[in-house]
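Enquirer: Generate a structure from the sequence data that follows.
(chains A, B, C and D)
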2 protein chains.
Amino acid sequence: MDSLLEKRNPAMTESDVLELEGFLPYRLNVLATLVSHSLARVYGERFGISIPEWRILATLGQFNEMTAREIGQHSRMHKTTVSRAVSTLEKRQLLARRPNDQDMREAFLAMTPDGQSIYAEIVPLARSFARDLTQDIRPEDLAVLDRVLAQLMGRLNASSMDREEEA
Amino acid sequence: MDSLLEKRNPAMTESDVLELEGFLPYRLNVLATLVSHSLARVYGERFGISIPEWRILATLGQFNEMTAREIGQHSRMHKTTVSRAVSTLEKRQLLARRPNDQDMREAFLAMTPDGQSIYAEIVPLARSFARDLTQDIRPEDLAVLDRVLAQLMGRLNASSMDREEEA
DNA sequence: TATTGTTATACTCTATAACTATA
DNA sequence: TATAGTTATAGAGTATAACAATA
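Expert: I've put the predicted structure just below:
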């Protein structure tokens, strides 16, 4: 791959060229895609769970009962994505609905015992995946990473580049 | 949104629960999606360029001429994605093919003058987008971010969780 | 036989819009 | 009028497989 170095574009000065390898949006995208797909392979192959489905289980693991709207807000998924993933999980009986008598438009969603037992199996896998990923990184660097990721998220949310639900 | 804090799942102890908000794969994914879409809006609305198309232009900006295979390696895109984006760029005359007489299976791809002028317009926009994104972050933290992202990428590549081209 | 690239096809995730049923 | 949720539909982006041309 070093052969590419011999092919630098001679028509451009350094200031004209944007280095993709050092460009933060590109790097974040490549990294996040690799991470997501690697992790999805862990729970996907074993339990037949998609990324949206996992996010819903993860949300219901943290909060006992939630409406679809709340799940979407917390896991940052579009309401149609949530609706379809909830429906799949319901068919597989990993999740159940309880009507809200105060507002019949919505329902409270919670994991069934089957859902909880899959969740209980996935959580340690997910934890060990994240641990493997970060095991070579110094703790103080991880702390910085934490802070910087939070700052970047804050910056993006503040710039109102966001979606319907948050408008 | 703090009302959610009142709803923590009482059936689970803290060690059973995985906090989505603190889970690195989830945070990377949400952040990268927000960043990509925000940036794609910048060049998408203005120039009608998709993410794969932009990555190809960016690669050809760095390297004068490349084959589709080399572009795919450098920009980490699947060969079918590259093939289709190249074809679109060619139709719009932002990119041209030059046959390789030594190997007629492949062709050398390069930006046309029109492609270069769009590239020259996008690069400052992309730079200023990245600058806006990181302007509140301390330089020493950005240096750590750089190093950690590289470590994470290295870790994922090493784990052979990768795609066809790199097998 | 292996490789470059294209195309057909399909899958995932996301998004818009139209709809329902409630409020 | 507005909101929660569903469904139809479409659009990216990605992937597999089959293929043509070439090595």
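Enquirer: Next one: the residue nearest to residue A:30 when sequence neighbours are not counted from residue B:88, what distance?
Expert: Leaving aside its sequence neighbours, residue A:30 sits nearest to residue B:76 (Cβ to Cβ, 6 or more residues apart in numbering or on different chains; 5.3 Å). (Each C-beta comes from the backbone N, C-alpha and C, glycine too.) Separation of residue B:76 from residue B:88 (Cβ to Cβ, to the nearest Å) stands at 19 Å.
Enquirer: Same question for residue A:58.
Expert: In terms of Cβ to Cβ, residue A:58 sits 37 Å off from residue B:88.
Enquirer: quick one, which of these two is more surrounded?
Expert: Legend: neighbour count by other Cβ atoms under 10 Å in any protein chain shown for residue A:58 and residue B:88, higher for residue A:58 (22 against 17).
Enquirer: how about the nearest residue to that one, chain neighbours excluded?
Expert: Per Cβ to Cβ, 6+ apart, closest to residue A:58 is residue B:20, 4.9 Å.
Enquirer: again with residue A:67
Expert: residue A:106 (4.5 Å).
Enquirer: any idea which element residue A:132 lies in?
Expert: Here residue A:132 sits within helix A:113-134, counting by DSSP states H and E.
Enquirer: I misspoke; the intended subject was residue A:110.
Expert: strand A:107-111.
Enquirer: swap in residue A:98?
Expert: Going by DSSP H and E, residue A:98 is in strand A:95-99.
Enquirer: So what's the gap between that strand and the chain middle?
Expert: Relative to its chain's centre, strand A:95-99 lies at 24 Å (Cα atoms, centre = their mean, to the nearest Å).
Enquirer: Contacts for that strand next, please.
Expert: Contact partners of strand A:95-99, identified using Cβ atoms under 8 Å, 6 or more residues apart in numbering or on different chains, comprise A:56-57, A:60, A:65, A:86, A:89-90, A:107-112, A:115.
Enquirer: now do 10 Å
Expert: With contact meaning Cβ atoms under 10 Å, 6 or more residues apart in numbering or on different chains, strand A:95-99 is reached by A:53, A:56-57, A:60, A:65, A:67-68, A:85-90, A:106-116.
Enquirer: contacting residues for residue A:114?
Expert: So residue A:114 contacts A:89, A:92, A:93, A:94, A:95, A:96 (Cβ under 10 Å, 6+ apart).
Enquirer: if you set the cut-off to 8 Å instead, what comes out?
Expert: Shown in contact with residue A:114 (Cβ under 8 Å, 6+ apart): A:92, A:93, A:94.
Enquirer: Is the second one located within a strand, as I assumed?
Expert: Spelled out, that is residue A:93. No: counting by DSSP: H, G, I helix; E, B strand; the rest coil, residue A:93 is not found in a strand; it is coil.
Enquirer: give the contact list for it.
Expert: Counting by Cβ under 8 Å, 6+ apart, residue A:93 has contacts A:112, A:114, A:115.
Enquirer: so what pLDDT did it get?
Expert: Among the per-residue scores, residue A:93 holds a pLDDT of 94.
Enquirer: can you check residue A:158 too?
Expert: pLDDT at residue A:158 comes out at 75.
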